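Engineer: Attaching a predicted model along with its sequence, questions to come.
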Amino acid sequence: MKHLTGFALLVLLGSALPVHPQEPKSVTLSGWFADERCVRARLTAAKLGPTNPDCSADCIRKGAAAVFLSEGREIFTVQDYQGVIDDLGFHVEATGMLDRTARTFRVRSVRQLSWEGAACSRPKKPATAKQN
């Protein structure tokens, strides 16, 4: 009976404690943008890196969710960032609100660090003016 009373008291005290879901917090992450269909294969690759930018862009245009693959091998669904397709293939540093519970990343700003996508998809450099 003594154990039952102690257990009941523990349950009552535990239910009285406030439960706070993890709040989204502002973070800066390094990684790559991709589409939800292709990104899973990158997690098992020996060298972590971007998905094929042309393939990911096509999938996103056809309705696949855009995701962020962090250097920590975590995947988050991207919210409210229209520049995803322009940043595919780049290793980026992205800042925004991360919700680990919902697995979402509301991107506020992105800095392209380096191009790591396929050479055939590399963005063309602007033409330079002729020198006399």
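Structural biologist: Sure, I can see it.
Engineer: can you pull the contacts of the most centrally placed residue in the chain?
Structural biologist: With distances taken as CA atoms, centre = their mean, residue 68 lies nearest the centre of the chain, 2.3 Å away. By CB atoms under 8 Å, 6 or more residues apart in numbering, the contact list for residue 68 reads 29, 31-34, 75-76, 78, 94, 105, 107. (Glycine included, C-beta is placed from N, CA and C.)
Engineer: What subset of those is buried?
Structural biologist: Among those, those classed as buried by 16 or more other CB atoms under 10 Å are 29, 31-34, 75-76, 78, 94, 105, 107.
Engineer: would you list every one of the strands in this structure?
Structural biologist: 25-35, 66-70, 75-79, 90-99, 104-115 (DSSP state E).
Engineer: now the first one against strand 75-79, angle please.
Structural biologist: If I follow you right, that is strand 25-35. Calculated by axes from the mean of the first three to the mean of the last three CA atoms, to 10 degrees, strand 25-35 forms an angle of 100 degrees with strand 75-79.
Engineer: so what does strand 25-35 touch, helix or strand wise?
Structural biologist: helix 53-61, strand 66-70, strand 90-99, strand 104-115 (3 or more CB pairs under 8 Å, 6 or more residues apart in numbering; DSSP states H and E).
Engineer: Residue 32 versus the closest residue to residue 103 other than its chain neighbours, what's the distance?
Structural biologist: Spatial nearest neighbour of residue 103, excluding adjacent residues (CB to CB, 6 or more residues apart in numbering): residue 76 at 5.4 Å. Here residue 76 is placed at a distance of 12 Å from residue 32 (CB to CB, to the nearest Å).
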